[in-house]
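>>> fold the stuff below for me.
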Amino acid sequence: MRNSSRQLGVRLAAAALVVAGWTMWATPSAVADSNSNQIAIDNAAAAAARADVDTLTAQRAAAAARAADAQATVEESSAILAAASAKLQASQANLANAQAALALAQQNVVTAQRKDSETAGSLAQTQILLKASDSLVVQNQAALDKAQAQVGEMAREQYQQNSTLVGIVTVVTPTTTASMNDKLQWATTMFETSATAITRLEDTQAQLADAKNARAVLEARANIARAAAAAQLGQSQQAQKAAADATAQVQAAVDANNAAQAAAAQAVAQDQANQAAQQAEVNAVDARIAQRLADEKAALAAAQAAAAATSGGSSISSAPSSSSGLIRPIPGAVITSPYGMRLHPILHIWKLHDGTDFGAGCGTPILAAASGTVTEEYYNAGYGNRLFIDHGIINARALTTSYNHLSGYAVRVGQHVTQGQVVAYVGTTGYSTGCHLHFMLWVNGTMVNPANYL
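Next up is the predicted model:
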(Lines give C-alpha, C1' and ligand atoms only; values in the text may rest on other atoms or scores of the structure.)
Protein backbone atom coordinates (compact mmCIF):
# COMPACT_ATOMS: atom_id res chain seq x y z
CA MET A 1 0.00 0.00 0.00
CA ARG A 2 2.80 2.39 0.93
CA ASN A 3 4.62 1.78 -2.37
CA SER A 4 1.48 2.06 -4.42
CA SER A 5 0.55 5.25 -2.61
CA ARG A 6 4.03 6.67 -3.18
CA GLN A 7 3.92 5.81 -6.89
CA LEU A 8 0.49 7.32 -7.10
CA GLY A 9 1.82 10.42 -5.34
CA VAL A 10 4.71 10.72 -7.79
CA ARG A 11 2.34 10.40 -10.74
CA LEU A 12 -0.04 12.91 -9.20
CA ALA A 13 2.88 15.27 -8.58
CA ALA A 14 4.03 15.00 -12.18
CA ALA A 15 0.49 15.44 -13.45
CA ALA A 16 -0.02 18.41 -11.18
CA LEU A 17 3.22 19.94 -12.41
CA VAL A 18 2.17 19.58 -16.04
CA VAL A 19 -1.37 20.78 -15.37
CA ALA A 20 -0.07 23.71 -13.37
CA GLY A 21 2.31 24.63 -16.22
CA TRP A 22 -0.53 24.64 -18.75
CA THR A 23 -3.58 25.73 -16.73
CA MET A 24 -2.11 28.27 -14.32
CA TRP A 25 -0.12 30.18 -16.98
CA ALA A 26 -1.19 28.85 -20.38
CA THR A 27 1.75 30.75 -21.94
CA PRO A 28 4.71 28.43 -22.76
CA SER A 29 3.32 27.49 -26.18
CA ALA A 30 2.56 31.12 -26.92
CA VAL A 31 6.09 32.06 -25.82
CA ALA A 32 7.53 29.29 -28.00
CA ASP A 33 5.48 30.41 -31.02
CA SER A 34 6.54 34.00 -30.47
CA ASN A 35 10.19 32.95 -30.15
CA SER A 36 9.93 30.84 -33.31
CA ASN A 37 8.54 33.77 -35.29
CA GLN A 38 11.22 36.12 -33.94
CA ILE A 39 13.96 33.58 -34.68
CA ALA A 40 12.70 33.24 -38.28
CA ILE A 41 12.76 37.04 -38.67
CA ASP A 42 16.25 37.21 -37.15
CA ASN A 43 17.50 34.43 -39.42
CA ALA A 44 16.23 36.33 -42.48
CA ALA A 45 17.95 39.48 -41.26
CA ALA A 46 21.18 37.54 -40.70
CA ALA A 47 21.00 36.14 -44.25
CA ALA A 48 20.51 39.64 -45.64
CA ALA A 49 23.49 40.86 -43.62
CA ARG A 50 25.64 38.04 -44.97
CA ALA A 51 24.63 39.02 -48.51
CA ASP A 52 25.66 42.59 -47.75
CA VAL A 53 29.04 41.35 -46.52
CA ASP A 54 29.56 39.39 -49.74
CA THR A 55 28.61 42.40 -51.87
CA LEU A 56 30.90 44.75 -49.98
CA THR A 57 33.74 42.24 -50.15
CA ALA A 58 33.38 42.19 -53.95
CA GLN A 59 33.31 45.99 -54.03
CA ARG A 60 36.45 46.09 -51.90
CA ALA A 61 38.25 43.74 -54.29
CA ALA A 62 37.15 45.85 -57.27
CA ALA A 63 38.37 49.05 -55.58
CA ALA A 64 41.74 47.43 -54.84
CA ALA A 65 42.00 46.31 -58.47
CA ARG A 66 41.21 49.82 -59.69
CA ALA A 67 43.84 51.24 -57.36
CA ALA A 68 46.48 48.81 -58.66
CA ASP A 69 45.51 49.53 -62.26
CA ALA A 70 45.65 53.30 -61.75
CA GLN A 71 49.04 53.03 -60.05
CA ALA A 72 50.41 51.06 -63.00
CA THR A 73 48.93 53.13 -65.83
CA VAL A 74 49.09 56.77 -64.69
CA GLU A 75 51.90 58.25 -66.73
CA GLU A 76 52.82 61.72 -67.90
CA SER A 77 50.52 63.20 -65.26
CA SER A 78 51.30 65.60 -62.50
CA ALA A 79 52.63 64.06 -59.31
CA ILE A 80 49.85 65.85 -57.42
CA LEU A 81 47.19 64.19 -59.57
CA ALA A 82 48.82 60.78 -59.26
CA ALA A 83 49.06 61.14 -55.47
CA ALA A 84 45.47 62.40 -55.20
CA SER A 85 44.23 59.53 -57.34
CA ALA A 86 46.15 56.96 -55.31
CA LYS A 87 44.83 58.48 -52.08
CA LEU A 88 41.28 58.41 -53.41
CA GLN A 89 41.58 54.78 -54.46
CA ALA A 90 43.01 53.87 -51.06
CA SER A 91 40.22 55.82 -49.37
CA GLN A 92 37.59 53.98 -51.39
CA ALA A 93 39.20 50.66 -50.46
CA ASN A 94 39.24 51.69 -46.77
CA LEU A 95 35.59 52.72 -47.00
CA ALA A 96 34.68 49.37 -48.54
CA ASN A 97 36.60 47.61 -45.75
CA ALA A 98 34.82 49.66 -43.10
CA GLN A 99 31.41 49.00 -44.68
CA ALA A 100 32.15 45.27 -44.83
CA ALA A 101 33.23 45.32 -41.17
CA LEU A 102 30.04 47.20 -40.27
CA ALA A 103 27.86 44.71 -42.14
CA LEU A 104 29.61 41.85 -40.34
CA ALA A 105 29.19 43.59 -36.98
CA GLN A 106 25.50 44.15 -37.70
CA GLN A 107 25.15 40.50 -38.63
CA ASN A 108 26.77 39.57 -35.31
CA VAL A 109 24.28 41.81 -33.51
CA VAL A 110 21.37 40.09 -35.27
CA THR A 111 22.79 36.69 -34.33
CA ALA A 112 23.30 37.79 -30.73
CA GLN A 113 19.76 39.17 -30.52
CA ARG A 114 18.42 35.91 -31.91
CA LYS A 115 20.30 33.99 -29.24
CA ASP A 116 19.00 36.47 -26.67
CA SER A 117 15.47 35.56 -27.73
CA GLU A 118 16.24 31.85 -27.52
CA THR A 119 17.82 32.02 -24.06
CA ALA A 120 15.09 34.38 -22.79
CA GLY A 121 12.39 32.00 -24.05
CA SER A 122 14.08 29.01 -22.46
CA LEU A 123 14.44 30.87 -19.16
CA ALA A 124 10.81 32.02 -19.26
CA GLN A 125 9.51 28.48 -19.82
CA THR A 126 11.75 27.11 -17.07
CA GLN A 127 10.57 29.80 -14.64
CA ILE A 128 6.93 28.98 -15.43
CA LEU A 129 7.51 25.31 -14.65
CA LEU A 130 9.52 26.26 -11.56
CA LYS A 131 6.66 28.39 -10.25
CA ALA A 132 4.23 25.50 -10.79
CA SER A 133 6.68 23.23 -8.94
CA ASP A 134 6.86 25.72 -6.07
CA SER A 135 3.06 25.59 -5.82
CA LEU A 136 3.14 21.79 -5.78
CA VAL A 137 5.76 21.77 -3.00
CA VAL A 138 3.60 24.14 -0.95
CA GLN A 139 0.56 21.91 -1.46
CA ASN A 140 2.45 18.78 -0.42
CA GLN A 141 3.95 20.58 2.57
CA ALA A 142 0.45 21.59 3.68
CA ALA A 143 -0.77 18.00 3.28
CA LEU A 144 2.19 16.74 5.29
CA ASP A 145 1.57 19.27 8.04
CA LYS A 146 -2.05 18.17 8.19
CA ALA A 147 -1.14 14.47 8.30
CA GLN A 148 1.44 15.06 11.00
CA ALA A 149 -1.15 16.94 13.03
CA GLN A 150 -3.62 14.08 12.69
CA VAL A 151 -1.08 11.46 13.76
CA GLY A 152 0.03 13.64 16.66
CA GLU A 153 -3.57 14.10 17.84
CA MET A 154 -4.18 10.36 17.63
CA ALA A 155 -1.03 9.60 19.58
CA ARG A 156 -2.05 12.04 22.33
CA GLU A 157 -5.50 10.50 22.57
CA GLN A 158 -4.08 6.99 22.86
CA TYR A 159 -1.59 8.11 25.45
CA GLN A 160 -4.24 9.90 27.50
CA GLN A 161 -6.61 6.91 27.34
CA ASN A 162 -3.80 4.35 27.68
CA SER A 163 -5.74 2.50 25.00
CA THR A 164 -3.03 -0.04 24.30
CA LEU A 165 -2.84 -1.14 28.01
CA VAL A 166 -6.61 -1.21 28.26
CA GLY A 167 -6.70 -3.66 25.38
CA ILE A 168 -4.16 -5.93 27.04
CA VAL A 169 -5.96 -5.82 30.42
CA THR A 170 -9.16 -6.61 28.67
CA VAL A 171 -7.67 -9.71 27.18
CA VAL A 172 -6.34 -11.10 30.47
CA THR A 173 -9.29 -10.03 32.69
CA PRO A 174 -12.04 -12.65 33.03
CA THR A 175 -15.29 -11.52 31.44
CA THR A 176 -18.03 -12.84 29.25
CA THR A 177 -17.37 -14.00 25.71
CA ALA A 178 -19.44 -11.22 24.16
CA SER A 179 -17.76 -8.52 26.21
CA MET A 180 -14.34 -9.87 25.35
CA ASN A 181 -15.08 -9.87 21.60
CA ASP A 182 -16.23 -6.25 21.70
CA LYS A 183 -13.10 -5.15 23.50
CA LEU A 184 -10.84 -7.04 21.07
CA GLN A 185 -12.62 -5.47 18.13
CA TRP A 186 -12.19 -2.02 19.66
CA ALA A 187 -8.47 -2.59 20.19
CA THR A 188 -8.02 -3.89 16.68
CA THR A 189 -9.79 -0.85 15.22
CA MET A 190 -7.55 1.46 17.21
CA PHE A 191 -4.40 -0.25 15.98
CA GLU A 192 -5.58 -0.23 12.35
CA THR A 193 -6.54 3.44 12.55
CA SER A 194 -3.12 4.34 13.92
CA ALA A 195 -1.33 2.28 11.26
CA THR A 196 -3.37 3.87 8.45
CA ALA A 197 -2.61 7.38 9.69
CA ILE A 198 1.09 6.62 9.95
CA THR A 199 1.11 5.10 6.44
CA ARG A 200 -0.67 8.16 5.05
CA LEU A 201 1.89 10.35 6.78
CA GLU A 202 4.77 8.42 5.23
CA ASP A 203 3.16 8.59 1.77
CA THR A 204 2.69 12.34 2.10
CA GLN A 205 6.31 12.72 3.15
CA ALA A 206 7.40 10.75 0.07
CA GLN A 207 5.27 12.95 -2.19
CA LEU A 208 6.79 16.05 -0.64
CA ALA A 209 10.29 14.64 -1.16
CA ASP A 210 9.52 13.88 -4.81
CA ALA A 211 8.11 17.38 -5.32
CA LYS A 212 11.19 18.92 -3.71
CA ASN A 213 13.47 16.78 -5.91
CA ALA A 214 11.58 17.87 -9.03
CA ARG A 215 11.82 21.47 -7.89
CA ALA A 216 15.56 21.11 -7.29
CA VAL A 217 16.01 19.82 -10.85
CA LEU A 218 14.01 22.74 -12.25
CA GLU A 219 15.90 25.18 -10.06
CA ALA A 220 19.20 23.84 -11.41
CA ARG A 221 17.90 24.20 -14.96
CA ALA A 222 16.71 27.72 -14.19
CA ASN A 223 20.15 28.61 -12.83
CA ILE A 224 21.77 27.26 -16.00
CA ALA A 225 19.28 29.17 -18.15
CA ARG A 226 19.87 32.37 -16.17
CA ALA A 227 23.64 31.98 -16.52
CA ALA A 228 23.31 31.33 -20.26
CA ALA A 229 21.05 34.35 -20.65
CA ALA A 230 23.48 36.55 -18.72
CA ALA A 231 26.46 35.33 -20.78
CA GLN A 232 24.54 35.82 -24.02
CA LEU A 233 23.54 39.30 -22.92
CA GLY A 234 27.22 40.11 -22.43
CA GLN A 235 28.01 38.83 -25.91
CA SER A 236 25.11 40.80 -27.33
CA GLN A 237 26.34 43.98 -25.65
CA GLN A 238 29.83 43.36 -27.04
CA ALA A 239 28.38 42.84 -30.52
CA GLN A 240 26.39 46.06 -30.23
CA LYS A 241 29.50 47.97 -29.12
CA ALA A 242 31.45 46.49 -32.04
CA ALA A 243 28.67 47.60 -34.39
CA ALA A 244 28.74 51.11 -32.90
CA ASP A 245 32.52 51.25 -33.32
CA ALA A 246 32.19 49.99 -36.90
CA THR A 247 29.59 52.66 -37.60
CA ALA A 248 31.97 55.32 -36.33
CA GLN A 249 34.75 53.89 -38.50
CA VAL A 250 32.48 53.95 -41.55
CA GLN A 251 31.63 57.59 -40.86
CA ALA A 252 35.32 58.43 -40.53
CA ALA A 253 36.03 56.57 -43.77
CA VAL A 254 33.18 58.42 -45.49
CA ASP A 255 34.59 61.76 -44.32
CA ALA A 256 38.08 60.80 -45.48
CA ASN A 257 36.71 59.61 -48.80
CA ASN A 258 34.81 62.85 -49.32
CA ALA A 259 37.97 64.82 -48.60
CA ALA A 260 39.96 62.61 -50.99
CA GLN A 261 37.32 63.06 -53.67
CA ALA A 262 37.45 66.82 -53.27
CA ALA A 263 41.25 66.80 -53.47
CA ALA A 264 41.17 64.49 -56.48
CA ALA A 265 38.60 66.69 -58.22
CA GLN A 266 40.79 69.73 -57.64
CA ALA A 267 43.83 67.84 -58.93
CA VAL A 268 41.89 66.67 -61.99
CA ALA A 269 40.85 70.24 -62.77
CA GLN A 270 44.44 71.38 -62.44
CA ASP A 271 45.70 68.50 -64.56
CA GLN A 272 43.14 69.27 -67.25
CA ALA A 273 44.55 72.77 -67.38
CA ASN A 274 48.03 71.27 -67.50
CA GLN A 275 47.01 69.02 -70.38
CA ALA A 276 45.80 72.06 -72.31
CA ALA A 277 49.09 73.80 -71.61
CA GLN A 278 51.00 70.71 -72.70
CA GLN A 279 49.07 70.57 -75.96
CA ALA A 280 49.92 74.21 -76.49
CA GLU A 281 53.57 73.28 -75.93
CA VAL A 282 53.30 70.50 -78.54
CA ASN A 283 51.80 72.90 -81.06
CA ALA A 284 54.52 75.46 -80.40
CA VAL A 285 57.31 72.88 -80.81
CA ASP A 286 55.78 71.58 -84.02
CA ALA A 287 55.65 75.13 -85.35
CA ARG A 288 59.28 75.82 -84.38
CA ILE A 289 60.53 72.61 -86.01
CA ALA A 290 58.52 73.31 -89.16
CA GLN A 291 59.92 76.85 -89.32
CA ARG A 292 63.48 75.64 -88.78
CA LEU A 293 63.14 73.05 -91.51
CA ALA A 294 61.74 75.68 -93.85
CA ASP A 295 64.63 77.98 -93.02
CA GLU A 296 67.17 75.18 -93.55
CA LYS A 297 65.57 74.24 -96.86
CA ALA A 298 65.67 77.83 -98.04
CA ALA A 299 69.27 78.19 -96.91
CA LEU A 300 70.21 74.96 -98.65
CA ALA A 301 68.53 76.06 -101.88
CA ALA A 302 70.37 79.37 -101.76
CA ALA A 303 73.68 77.63 -101.12
CA GLN A 304 73.10 75.22 -103.98
CA ALA A 305 72.28 78.06 -106.34
CA ALA A 306 75.38 79.97 -105.31
CA ALA A 307 77.62 76.95 -105.70
CA ALA A 308 76.02 75.19 -108.63
CA ALA A 309 79.39 73.96 -109.86
CA THR A 310 80.33 72.50 -106.47
CA SER A 311 79.60 68.80 -106.11
CA GLY A 312 78.30 67.08 -102.98
CA GLY A 313 76.01 68.45 -100.30
CA SER A 314 76.63 69.32 -96.73
CA SER A 315 75.14 66.76 -94.46
CA ILE A 316 75.32 67.36 -90.77
CA SER A 317 74.89 63.73 -89.93
CA SER A 318 77.50 61.08 -89.45
CA ALA A 319 77.42 57.61 -90.88
CA PRO A 320 74.23 55.92 -89.72
CA SER A 321 74.33 52.78 -87.58
CA SER A 322 70.91 51.56 -88.70
CA SER A 323 68.63 51.94 -91.71
CA SER A 324 67.15 55.06 -90.13
CA GLY A 325 70.45 56.29 -88.74
CA LEU A 326 69.23 56.28 -85.08
CA ILE A 327 70.37 54.31 -82.04
CA ARG A 328 68.62 53.81 -78.72
CA PRO A 329 69.33 56.71 -76.37
CA ILE A 330 69.73 54.30 -73.41
CA PRO A 331 71.19 51.00 -74.61
CA GLY A 332 69.56 47.95 -72.98
CA ALA A 333 66.79 49.95 -71.30
CA VAL A 334 63.30 48.45 -71.31
CA ILE A 335 60.46 50.34 -73.00
CA THR A 336 58.00 50.97 -70.19
CA SER A 337 55.39 52.85 -72.19
CA PRO A 338 55.11 52.91 -75.99
CA TYR A 339 53.97 55.69 -78.30
CA GLY A 340 50.24 55.84 -79.07
CA MET A 341 46.72 56.80 -78.04
CA ARG A 342 45.48 55.69 -74.65
CA LEU A 343 42.62 56.31 -72.24
CA HIS A 344 43.86 58.33 -69.31
CA PRO A 345 42.87 56.35 -66.18
CA ILE A 346 42.11 59.48 -64.16
CA LEU A 347 40.96 62.10 -66.63
CA HIS A 348 39.07 59.51 -68.70
CA ILE A 349 40.03 61.15 -71.98
CA TRP A 350 41.87 59.73 -74.98
CA LYS A 351 45.30 61.25 -75.10
CA LEU A 352 48.33 60.73 -77.30
CA HIS A 353 51.38 59.45 -75.49
CA ASP A 354 53.70 61.31 -77.83
CA GLY A 355 56.94 59.41 -77.25
CA THR A 356 58.59 56.18 -76.18
CA ASP A 357 59.44 55.81 -72.49
CA PHE A 358 62.66 54.05 -71.49
CA GLY A 359 62.84 52.88 -67.89
CA ALA A 360 66.09 53.80 -66.13
CA GLY A 361 67.21 55.19 -62.81
CA CYS A 362 67.61 58.91 -62.29
CA GLY A 363 71.08 60.04 -63.32
CA THR A 364 71.52 57.38 -66.02
CA PRO A 365 73.46 58.87 -69.01
CA ILE A 366 71.41 59.53 -72.16
CA LEU A 367 73.12 59.21 -75.59
CA ALA A 368 72.51 61.22 -78.74
CA ALA A 369 70.43 59.05 -81.08
CA ALA A 370 72.38 60.48 -84.03
CA SER A 371 74.89 63.22 -84.72
CA GLY A 372 73.50 66.75 -84.93
CA THR A 373 73.24 70.17 -83.33
CA VAL A 374 71.60 70.99 -79.99
CA THR A 375 68.89 73.50 -80.79
CA GLU A 376 66.97 73.96 -77.51
CA GLU A 377 67.27 73.34 -73.77
CA TYR A 378 64.56 74.56 -71.39
CA TYR A 379 62.10 73.58 -68.67
CA ASN A 380 58.40 72.93 -69.32
CA ALA A 381 55.80 72.17 -66.64
CA GLY A 382 54.64 69.05 -68.49
CA TYR A 383 57.82 67.66 -70.04
CA GLY A 384 60.22 68.91 -67.39
CA ASN A 385 63.76 69.62 -68.56
CA ARG A 386 63.86 69.25 -72.35
CA LEU A 387 66.66 68.93 -74.92
CA PHE A 388 66.28 69.04 -78.74
CA ILE A 389 68.78 67.90 -81.38
CA ASP A 390 68.46 68.70 -85.07
CA HIS A 391 70.03 65.79 -86.98
CA GLY A 392 69.63 67.31 -90.42
CA ILE A 393 68.90 65.04 -93.39
CA ILE A 394 69.47 61.32 -92.82
CA ASN A 395 68.47 58.97 -95.62
CA ALA A 396 66.47 61.72 -97.29
CA ARG A 397 64.51 62.51 -94.14
CA ALA A 398 64.84 65.51 -91.85
CA LEU A 399 65.07 64.17 -88.27
CA THR A 400 64.69 65.94 -84.95
CA THR A 401 64.80 64.21 -81.53
CA SER A 402 63.75 65.39 -78.06
CA TYR A 403 64.79 64.09 -74.61
CA ASN A 404 62.43 64.90 -71.69
CA HIS A 405 62.08 64.78 -67.88
CA LEU A 406 65.85 65.21 -67.61
CA SER A 407 67.65 65.65 -64.33
CA GLY A 408 70.47 67.56 -66.03
CA TYR A 409 72.29 68.46 -69.26
CA ALA A 410 75.74 67.38 -70.54
CA VAL A 411 75.80 69.71 -73.59
CA ARG A 412 74.73 73.25 -74.44
CA VAL A 413 72.60 74.91 -77.10
CA GLY A 414 74.45 75.31 -80.41
CA GLN A 415 76.90 72.52 -79.63
CA HIS A 416 77.51 69.87 -82.31
CA VAL A 417 77.24 66.33 -80.88
CA THR A 418 78.11 62.96 -82.33
CA GLN A 419 76.01 59.82 -82.27
CA GLY A 420 76.42 57.98 -78.93
CA GLN A 421 77.70 61.04 -77.08
CA VAL A 422 76.26 61.67 -73.59
CA VAL A 423 73.95 64.66 -73.90
CA ALA A 424 71.81 64.51 -70.69
CA TYR A 425 70.79 62.42 -67.67
CA VAL A 426 67.58 60.59 -66.77
CA GLY A 427 65.26 62.39 -64.35
CA THR A 428 61.64 62.75 -63.30
CA THR A 429 60.97 66.47 -63.76
CA GLY A 430 57.62 67.79 -65.00
CA TYR A 431 54.58 65.54 -65.21
CA SER A 432 56.35 62.34 -64.26
CA THR A 433 55.59 59.62 -61.76
CA GLY A 434 59.07 58.11 -61.77
CA CYS A 435 62.55 58.20 -63.26
CA HIS A 436 62.47 57.58 -67.02
CA LEU A 437 63.33 59.08 -70.41
CA HIS A 438 60.49 60.29 -72.61
CA PHE A 439 62.04 60.11 -76.12
CA MET A 440 60.34 61.91 -79.05
CA LEU A 441 60.97 61.99 -82.80
CA TRP A 442 59.91 64.25 -85.69
CA VAL A 443 60.38 63.16 -89.32
CA ASN A 444 60.10 65.94 -91.88
CA GLY A 445 58.40 68.08 -89.21
CA THR A 446 55.78 65.50 -88.23
CA MET A 447 55.74 63.72 -84.85
CA VAL A 448 56.04 59.93 -85.30
CA ASN A 449 56.49 56.73 -83.32
CA PRO A 450 60.19 56.54 -82.39
CA ALA A 451 60.09 52.75 -82.07
CA ASN A 452 59.70 52.47 -85.86
CA TYR A 453 63.05 54.19 -86.42
CA LEU A 454 65.26 52.76 -83.67
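>>> the closest residue to residue 344 other than its chain neighbours: neighbouring residues, count only.
Excluding the flanking residues, the one nearest residue 344 by C-beta to C-beta, 6 or more residues apart in numbering is residue 351, at 5.2 Å. C-beta here means a position set from N, CA and C on the backbone, and glycine is covered the same way. By other C-beta atoms under 10 Å, 15 other residues sit near residue 351.
>>> residue 351: what secondary structure?
strand (DSSP: H, G, I helix; E, B strand; the rest coil).
>>> could you tell me the per-residue confidence at it?
Here, the pLDDT recorded for residue 351 equals 84.
>>> who's it bridged to?
Counting by DSSP bridges, residue 351 is bridged to residue 342.
>>> who touches it in this structure?
275, 341-344 (C-beta atoms under 8 Å, 6 or more residues apart in numbering).
>>> so which of those sits lowest on pLDDT?
Lowest confidence among these: residue 344, with 71.
>>> how far away is that residue from residue 383?
Separation of residue 344 from residue 383 (C-beta to C-beta, to the nearest Å): 17 Å.
>>> so where's the stretch 151-300 of the chain uncertain?
151, 155, 158-195, 197, 201 (pLDDT under 70).
>>> next: the stretch 351-454 of the chain.
Short version for the stretch 351-454 of the chain, where the test is pLDDT under 70: none.
>>> same deal with the stretch 1-150 of the chain?
For the stretch 1-150 of the chain (pLDDT under 70), the answer is 1-36, 38, 42, 45-46, 49-50, 52-53, 56-57, 59-82.
>>> quick one: the helices in it, in order.
2-19, 28-73, 79-161 (DSSP state H, counting those that start in this stretch).
>>> quick check: domain ranges of this protein?
2-269, 288-305+315-452 (automatic domain parsing).
>>> mind putting those domains in TSV, distance to residue 279 included?
Compiled in TSV, the domains of the chain are given as follows (distance: least, C-beta to C-beta, whole Å):
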stretch	distance to residue 279
domain 2-269	12
domain 288-305+315-452	9
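>>> can you check which of the ones you listed gets nearest to residue 282?
Comparing these against residue 282 with C-beta to C-beta, the closest turns out to be domain 288-305+315-452 (6.7 Å).
>>> distance from the chain centre to that closest one, please.
49 Å (C-alpha atoms, centre = their mean, to the nearest Å).
>>> can you give me the distance of residue 203 to residue 150?
For residue 203 relative to residue 150 (C-beta to C-beta), the value is 13 Å.
>>> run the chain-centre distance for the top helix by length along the chain.
Under DSSP state H, the helix in the chain containing the largest number of residues is helix 177-306. Mean-position distance between helix 177-306 and its chain equals 12 Å (C-alpha atoms, centre = their mean).
>>> burial measure for residue 102, as a count.
25.
>>> also the one 4 residues further on?
As a burial measure, the neighbour count of residue 106 was computed by other C-beta under 10 Å and equals 22.
>>> quick check: it touching residue 243?
Yes - counting by C-beta atoms under 8 Å, residue 106 touches residue 243, with 5.4 Å between them.
>>> need the overlap of contacts for the two.
Between them, residue 106 and residue 243 share no contacting residue, judged by C-beta under 8 Å, 6+ apart.
>>> can you classify residue 335 by secondary structure?
Residue 335 is classified as strand under three-state DSSP.
>>> that one pairs with what?
residue 358.
>>> next one: it from residue 450, what distance?
Distance from residue 335 to residue 450, by C-beta to C-beta: 10 Å.
>>> neighbour count winner among the two?
Neighbours around residue 335 and residue 450, counted as other C-beta under 10 Å, are more numerous at residue 450. The numbers are 26 against 16.
>>> so the more buried one touches residue 439, yeah?
Yes - judged on C-beta under 8 Å, residue 450 makes contact with residue 439 at a distance of 5.4 Å.
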